[in-house]
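Asks: Let me see the structure of the following:
(chains A and B)
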Amino acid sequence: MIRLAWLQSRTRTLLGAAAVAALAAAAAVTGIRLSSLYDRLVADCRTNCGLATARFLSHDQFLQNALNPLIQALPALLGMFWGAPLLARELETGTYRLAWTQSVSRSRWLLTKLGVNGLAAVLLAGLVTLTVTWWYRASDLVATDQYAVFDRRDLAPVGYALFAFAVGALLGAVLRRTLPAMAATLGLYVVARVATTLWVRPHLLPPVRTVTSLLHAQFGFVAENGSPVTMVATGSGPPGAWTLSSSFVTASGHVAGSAELAGFVHRHCAAIATPPSGPPGNALPPANAAAEFDACRRHAAQTFHLLVTYQPASRYWTFQWIETGIFAALGLLAAAGCYWWVTRRTG
Amino acid sequence: MTAALEAVGLGKRYGRRWGLRGCTLAVPSGRVVGLVGPNGAGKTTLLHLAVGLLQPSEGSIAVLGDAPASGPAALARFGFLAQDSPTYPRLTVADHLRMGAWLNPSWDEAFAARRIRELGLDPRQRAGTLSGGQRAQLALTLAVAKRPEVLLLDEPVASLDPLARREFLQTLMEVVAAHGVTVVLSSHLIADLERVCDYLAVLVAGRVAVSGDVDALIASHHRLVGPRRDRLPANQQVIEASYTDRQSTMLVRSHDPVLDPVWSVAPVTLDDLVLAYLRQARDDAPASSPALAVAR
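Replies: Model prediction:
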C-alpha cells in the first residue's frame, strides 16, 4: 500500500522536491554573499550604522520581498493542493470504488495515504522553513524584532503545514469535492491562523509587567470626533521583546480611564485642551506649542506612570514550541477525525 | 452450499429516501446472475452494500457467508467492477497492474499480463487516454486477476458502444469458462443479460420482484389468450393482464401446466417476463394504483 501511495503522489512529491532544491540553491548562493556583506558592513560598524544597515538591506531585494510571503503562504498551499485533493479526488471521480475493493482494508489504505503524503508535506515545509530561516538570519539580526517574523521562521511553519494538510484531507473526505474542499481549507486555515495570532498567542504565557516613566515612552495628545483632548502613550519592553499593551497608571497603581486622563489635560494643560479655532490643518501651531507640550508631559509624568506588558525575548523559543505543538496537535486531531469519518461514516 | 450473495431484509436509506428496502435475495454460487431493473431501482446500492462500500441501514448481506469487506481476507474473495469502470487517469496501464499485484495477495500476474497483451493495450499508456471500452476491459482485468470467487459488475457495459459491449461480454464469458467464477452482473438492458446470464433477479423500486433460474422462470411463465373473463385462473399467479371487449391476455406464473382448454398458451421470452414484472411493480406503486384500478 505504501508503494501505491507513493505511486499516486510521486509527481507531486518530485515537483515539490525540485522546487525546494531550486529554492535552496538560490538561497545558498545569495545567502552566503549576504553573510559576508553583513560581516563587512554591519557586524563591526562603529559610525554611520544606519547607513550601513540600509546598504546591507538593499541587496537581494527580490528575495527579501519574496521569501516572507512564500513561507507565509506555503502551509495554505500544501493544505489546498496536497491535503484537500488527497481524498476528495478519489471520492469525486469514483476511484475510491476501485481502491476500497482491493484486498486492503479501508483503514490501512487511509492511514498509509495520510502517512506518506503527510510526511512528505511536513518534510517539504521543514526544508523550506529551514532554508528561509537560514537565508534571513542576517536580516533578522539587523531588524532585531524576532517576534515580528515569529510565524515565518524556525518551527512554527512546520506545525502550520501539518495542520493545513490534515484539515485539507478531512474537509476533502467530508465534502467529497475537490474545489469546495480547497476553498474551505484555505478559509479554515486563515481563520485558525488569524484567531491564534490575535487572541491565543498573546495569552499563552502570562506577560511580564513593568512600570516606566512617561518620559521614556512615545507620548502625544488626541481628540477623537469632538471628545475632550486626552493623552496617549506607547511604551516598549526591553530590546527584542514583544510589547503587548501600554496603559496609564496612577501612583496608587490603578489604571487610569480616558475620562480621568481628559480631566487631567483639562485641568493642567489648558492651552492644549482647547485647540485653536479655524479649519483643521490650516492653523499653524502657536510658537510656544512645543514648550507647552513638554511642560504638560513633565507634569503628567509626575502624576501617571506607564504600565507596559510584554513577552520577553527569552521566551521566543518557548512560544515557538507551544505554537508548533498546538497546530501539530490540531492537525493530528483533524487526521483522527478524517480516519473516523472515512472508516465509520462514509458509506 | 454457501450462497454467493445472500441478503435478508436489506435496506439502505439516503437521508429520508430509501435506495433499497426489504430486499431479500439468495444467489447460488457457480452461476452468472443478472440483476435487472430500471434506473434508480437500487442495483448499484445493492452491489455497493455487497462489497462494503456502503453499510446497510437495516437487514444484513453476506458474500460467500462473510460480512462484506470485513477484512483483507473477505475483500480478497470478491472482485468488483464499479459503474463507469473507475481507473486512475494519470496512472499507466502497467501502474494499474502493479497496483493490483501490490494490493492483492492472490494476484494472477500471468493472467493480467496476457489479457493486456490480448487486448492490444500499451502498458505505458495512461488510463485517462484509454477509450471507454479499453478502460472497461482494463478494469475487468484488474477485477479478474484478483482471482475472486465472486465477481460483481455494476452496469459494466452501459456506457459502451455495441462492439465494445460485445467484446466485453465475450471476455467475461471466457473468464467464467476458464475460472468457474460466480458472476453477478447488473444492467437495465435485458438483451445484454439474456446473452450471458443463467440466473435472474428483477429489482424494482428497491425490492426483488422475482428471482430464479432463467430456464425455470421461462418454463413457469405462460402467456394466456382467451375469451374475456374477469375470474382469474386458479393456482396461477397473474403478473399482468390486459383486456379487450372480447378477449383477455394474461402473463401468469404457474409451476403446473395450464390445462384449461379455454386458454391458448404461448411461451414467454425473457424480455416479456421482465417487462411484465417491471410494469406490475410500477402499477402497484401506491400513488398510481387508484387510477389504474378504475381503468381495469
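Asks: Break chain A down into its domains, please.
Replies: A:2-10+A:70-203+A:316-345, A:208-276+A:288-311 (automatic domain parsing).
Asks: which ones are touching residue 102?
Replies: Unless you meant another one, I'm taking chain A. The contact partners of residue A:102, by Cβ atoms under 8 Å, 6 or more residues apart in numbering or on different chains, come to B:75, B:99, B:100, B:103, B:104, B:146. From N, CA and C alone the C-beta is placed, and that goes for glycine too.
Asks: ah, I was thinking of chain B
Replies: Counting by Cβ under 8 Å, 6+ apart, the residues that residue B:102 touches are A:1, A:3, A:4.
Asks: Now the second one: closest residue in space, sequence neighbours ignored.
Replies: Excluding its sequence neighbours, the residue lying closest to residue A:3 (Cβ to Cβ, 6 or more residues apart in numbering or on different chains) is residue B:102, at 5.2 Å.
Asks: Would you report the backbone torsion angles of that neighbour?
Replies: Phi and psi for residue B:102, reported as degrees, to the nearest 10, are phi -70, psi -40.
Asks: for the stretch 151-296 of chain B, which spans come out with low pLDDT?
Replies: B:230-234, B:284-296 (pLDDT under 70).
Asks: Please enumerate the strands of it.
Replies: B:182-187, B:199-204, B:207-213, B:221-227, B:237-243, B:247-253, B:264-267 (DSSP state E, counting those that start in this stretch).
Asks: In JSON lines: those strands, plus mean neighbour count.
Replies: JSON lines is the format used below for the strands of the stretch 151-296 of chain B (neighbours: other Cβ atoms under 10 Å in any protein chain shown):
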{"stretch": "strand B:182-187", "mean neighbour count": "24"}
{"stretch": "strand B:199-204", "mean neighbour count": "25"}
{"stretch": "strand B:207-213", "mean neighbour count": "18"}
{"stretch": "strand B:221-227", "mean neighbour count": "17"}
{"stretch": "strand B:237-243", "mean neighbour count": "15"}
{"stretch": "strand B:247-253", "mean neighbour count": "19"}
{"stretch": "strand B:264-267", "mean neighbour count": "12"}
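Asks: could those be laid out in a markdown table, adding distance to residue A:18?
Replies: Listed next are those as a markdown table, based on distance: least, Cβ to Cβ, whole Å:
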| stretch | distance to residue A:18 |
| --- | --- |
| strand B:182-187 | 46 |
| strand B:199-204 | 52 |
| strand B:207-213 | 56 |
| strand B:221-227 | 67 |
| strand B:237-243 | 67 |
| strand B:247-253 | 69 |
| strand B:264-267 | 70 |
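Asks: among those, which is nearest residue A:86?
Replies: When these are compared by Cβ to Cβ, strand B:182-187 sits nearest residue A:86, at 30.4 Å.
Asks: Briefly note if the closest one comes near chain A.
Replies: No - contact between strand B:182-187 and chain A is absent, the nearest approach being 13.5 Å (criterion: Cβ under 8 Å from any Cβ of the partner chain).
Asks: tell me what the helix or strand where residue A:139 lies is packed against?
Replies: Using DSSP states H and E, residue A:139 sits within helix A:137-143. Judged by 3 or more Cβ pairs under 8 Å, 6 or more residues apart in numbering or on different chains; DSSP states H and E, the packing partners of helix A:137-143 are helix A:2-38, helix A:49-57.
Asks: circling back: out of the domains of chain A, deepest packed?
Replies: Across these, averaging neighbours per residue (mean count of other Cβ atoms under 10 Å in any protein chain shown) puts domain A:2-10+A:70-203+A:316-345 on top, at a mean of 20.
Asks: weakest of the helices and strands packed on helix A:137-143 by average pLDDT?
Replies: Of all the helices and strands packed on helix A:137-143, helix A:49-57 carries the lowest average pLDDT, namely a mean of 80.
Asks: can you pull out the helices in the stretch 1-150 of chain B?
Replies: B:43-50, B:72-76, B:93-103, B:109-119, B:132-145 (DSSP state H, counting those that start in this stretch).
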